[in-house]
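Q: Quick one: sequence plus predicted model below, questions after.
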Amino acid sequence: MKYFVFLDCSTLSHVATSLATEPGVEMVMVAVGGYQPGASAPDREHTLYARELTSGFIATLDIKQTDRVIIGACEPDLFTPLTSAFPPQGPAPPVLFISEKPVSAEAAARPNVSVVNLMESAKERLSGEWRDISTRQRAFELWSALKDSDRVLILTQNDPDPDAIASGMAIQALLGAGDDTAPIRAFGKVTRNENRAMLRLLGVKVGSVLPEEVKGFDKVVMVDVQPPYFKSVGSIKADVVIDHHPYPQRYKADFRVVDTGYGATATIMAEFLSAAGVKINQRLATALLYGVITDTMLLSRQSSTRDFEAFNMLWPLANHDLLSGMSRPRLRSQELDYFVKAIRSRREIGRLLFIWLGRASKEDIIPRIADFSMQIGDTSVCAVGGVSRDNVVISIRNMDPDLDVGAITAGLFAQYGSAGGHRTMAKAVMPLKKFTKAKGAAGVSQARTAILRILKTLEKTHPGLVKPLGK
Ligand SMILES: [Mn+2]
């Protein structure tokens, strides 16, 4: 094998000759169109000169199919005789045609020719560096905000989901900390079967903490959640917040990354870890990947190219046996009863499906039924409500791309508690007492009627979504 390097100017000579430099492999340099290589050009004394690439000259080179041809062109048309010297379907050497100007379509279409615009490739490759630098800087800021603290509380939502658990584990990895110095805690506990399976299979501890115990920590990091979420518990301050949920309320934090463009907080954390050069071991990769998968419903919901990139990075690092062990959904018979209740009590109001579960022993059954309810009938929006502990909880799902249920939910329910979310999924959590008092209702079943009445007001703002309810 030989390398043949054809150049018509010095611009690409360095790149072209570097590509052709291989120990023990001969390089033949050809200067085309009057080009004179400078004194520093490699192998200058053996360079061949061709003012024009005639077929006679090309034949004397005796280029074989096993050789490699590199063209560094300032004027690509000068090389047309070279690329067309070989039969399009017959034996031809591979040609790497490097040019910043357009190469003729005829040359570019040949199967043995690959056209490369180095400047475009470099631009494409390097433009991401700005983002990488800023991610690295942010990761360092995050680490700096926490590194001197002996006791860091990593706080999640009350019933932590895989995204929150994985993000908490990522904070621990970033700090090089364990459960003793940076425990992952919640005011509630992990109730969902799959999520408990995640803790068991990955050996993760998520303990409970009382609101009054928060003061005992040097720093509070909220992952996948923000201070306004804890409004009903009290005023819980955070030093660090990393989340992807929209919250219109303002609050203070030393370090805040809240980006609703991400499908999962785990994606943000995976970017930080990789920018900071922290090794993502199999256990952590499995957790983060599971966080991305569950929050984005396997990249089908609220996901961005960044979630795809994180997915790509984590996939080969994760343990897929553990992953399938975690994600196999299992329903306990008590939970099945809620599904039965949901199907029986469902009410279609135009394109809105309303389901009322009454008292729910576990809050997470409400969003689960909401996910499930998207499979019922032709409705485009589902609202599933129930009472969990002392709160009225409503989970909303939307398949209509023209609707923003996050904004709709905030508009309808924010005055009674916390309410909002994404375009495709939203949630309202309202203290039962406050809600029923405001609506002049008494008890759980009247809360249902009050919610139906509120949903009915959509008739005016979103005609076509709900039909008149009648009596
Ligand atoms: Mn999340």
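A: Received the coordinates, thanks.

Q: care to break this structure down by domain?
A: 2-116, 132-327, 333-461 (automatic domain parsing).

Q: how long is the first one from one end to the other?
A: Spelled out, that is domain 2-116. This stretch, domain 2-116, spans 21 Å end to end (CA to CA, to the nearest Å).

Q: Quick check: mean pLDDT of it?
A: Averaged across domain 2-116, pLDDT comes to 92.

Q: hey, where'd the helices end up in the stretch 51-200 of the chain?
A: 55-61, 80-83, 105-108, 118-146, 162-175, 193-202 (DSSP state H, counting those that start in this stretch).

Q: can you list the domains of the chain in a markdown table and add mean neighbour count and distance to the ion?
A: Every residue, glycine included, has its C-beta placed from N, CA and C. Conversion of the domains of the chain to a markdown table gives the following (neighbours: other CB atoms under 10 Å; distance: least, CB to the ion, whole Å):
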| stretch | mean neighbour count | distance to the ion |
| --- | --- | --- |
| domain 2-116 | 16 | 41 |
| domain 132-327 | 19 | 3 |
| domain 333-461 | 18 | 10 |
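
Q: Would you mind giving the ones you listed as CSV with distance to residue 125 added?
A: Below are the domains of the chain laid out as CSV (distance: least, CB to CB, whole Å):
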stretch, distance to residue 125
domain 2-116, 12
domain 132-327, 11
domain 333-461, 32
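
Q: Looking at whatever helix or strand residue 313 lives in now, give me its mean pLDDT.
A: For residue 313, the element it lies in under DSSP states H and E is helix 305-314. For helix 305-314, mean pLDDT is 96.

Q: Report the angle between it and helix 162-175.
A: Angle, helix 305-314 to helix 162-175, by axes from the mean of the first three to the mean of the last three CA atoms, to 10 degrees: 70 degrees.

Q: Show me what helix 305-314 is packed against.
A: helix 265-275, helix 282-295 (3 or more CB pairs under 8 Å, 6 or more residues apart in numbering; DSSP states H and E).

Q: just for the stretch 251-400 of the chain, where's the confidence low?
A: For the stretch 251-400 of the chain, the stretches with pLDDT under 70 are 329.

Q: residue boundaries of the helices in it?
A: 265-275, 282-295, 305-314, 320-327, 333-345, 365-373.

Q: can I get the ones you listed in JSON lines with distance to residue 454?
A: Formatted as JSON lines, the helices of the stretch 251-400 of the chain follow (distance: least, CB to CB, whole Å):
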{"stretch": "helix 265-275", "distance to residue 454": "30"}
{"stretch": "helix 282-295", "distance to residue 454": "28"}
{"stretch": "helix 305-314", "distance to residue 454": "33"}
{"stretch": "helix 320-327", "distance to residue 454": "35"}
{"stretch": "helix 333-345", "distance to residue 454": "18"}
{"stretch": "helix 365-373", "distance to residue 454": "17"}
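
Q: so what's the residue nearest the centre of the chain up against?
A: Residue closest to the average C-alpha location in the chain (CA atoms, centre = their mean): residue 307, at 1.7 Å. Each residue near residue 307 by CB atoms under 8 Å, 6 or more residues apart in numbering is listed here: 262-264, 267, 292, 296, 299.

Q: switch the cut-off to 10 Å
A: Shown in contact with residue 307 (CB atoms under 10 Å, 6 or more residues apart in numbering): 244, 261-264, 266-268, 270, 292-293, 295-296, 299.

Q: try residue 254
A: By CB under 10 Å, 6+ apart, the residues touching residue 254 are 141-142, 144-146, 219, 238-241.

Q: cool, and residue 169?
A: Residue 169 touches 154, 184, 202, 204, 206, 223, 266, 269, 283-284, 286-288, 291, counting by CB under 10 Å, 6+ apart.

Q: now residue 302, nearest residue through space, not along the chain?
A: Using CB to CB, 6 or more residues apart in numbering and skipping residues adjacent in sequence, the residue nearest residue 302 is residue 263, 4.7 Å away.

Q: correct me, but the one you found touches residue 245?
A: No. Residue 263 lies out of contact with residue 245 (CB atoms under 10 Å); the separation is 11.4 Å.

Q: beta partners of residue 152?
A: residue 219 (DSSP bridges).

Q: could you measure it against residue 403, distance?
A: Distance of residue 152 to residue 403, computed by CB to CB, to the nearest Å: 40 Å.

Q: do the same with residue 84
A: Going from residue 84 to residue 403 by CB to CB gives 58 Å.

Q: got it, and residue 180?
A: 47 Å.

Q: on that earlier part again, mind giving me TSV with the helices and strands packed on helix 305-314 and columns for distance to residue 429?
A: Shown next, in TSV, are those (distance: least, CB to CB, whole Å):
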stretch	distance to residue 429
helix 265-275	19
helix 282-295	19
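
Q: State the distance from residue 465 to the ion.
A: As judged by CB to the ion, to the nearest Å, residue 465 and the ion stand 27 Å apart.

Q: can you count the residues close to that residue?
A: The tally of other residues near residue 465 (other CB atoms under 10 Å) stands at 20.

Q: ok, now which ones touch it?
A: So residue 465 contacts 349-352, 379-381, 398, 400, 403, 408, 455, 458-459 (CB under 10 Å, 6+ apart).

Q: Tell me the one among those residues nearest to residue 431.
A: residue 455 (19.4 Å; CB to CB).

Q: Assign a three-state SS to that closest one, would you?
A: Under DSSP: H, G, I helix; E, B strand; the rest coil, residue 455 falls in the helix class.

Q: ok, now how distant is it from residue 409?
A: With CB to CB as the criterion, residue 455 and residue 409 are 10 Å apart.

Q: hey, what's in contact with both of those two?
A: 383, 394, 396.

Q: any chance of those in JSON lines, plus distance to residue 467?
A: JSON lines is the format used below for these (distance: CB to CB, whole Å):
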{"residue": "383", "distance to residue 467": "14"}
{"residue": "394", "distance to residue 467": "20"}
{"residue": "396", "distance to residue 467": "18"}
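
Q: So which of those are in strands?
A: Residues of the shared contacts of residue 455 and residue 409 located in strands (DSSP state E): 383, 394, 396.

Q: residues touching the residue nearest to residue 276 when sequence neighbours are not counted, list them.
A: Leaving out its chain neighbours, the residue that sits closest to residue 276 by CB to CB, 6+ apart is residue 139, at 4.0 Å. By CB under 10 Å, 6+ apart, the contact set of residue 139 is 174, 257, 269, 271-278.

Q: Among the residues you listed, which pair sits farthest apart?
A: Farthest pair in those, by CB to CB: 257 and 277, 18.4 Å.

Q: Strands of the stretch 351-471 of the chain, start to end?
A: Here the stretch 351-471 of the chain has its strands, by DSSP state E, counting those that start in this stretch, at 352-359, 381-388, 391-398, 418-421, 425-431.

Q: This completes my enquiry, with thanks.
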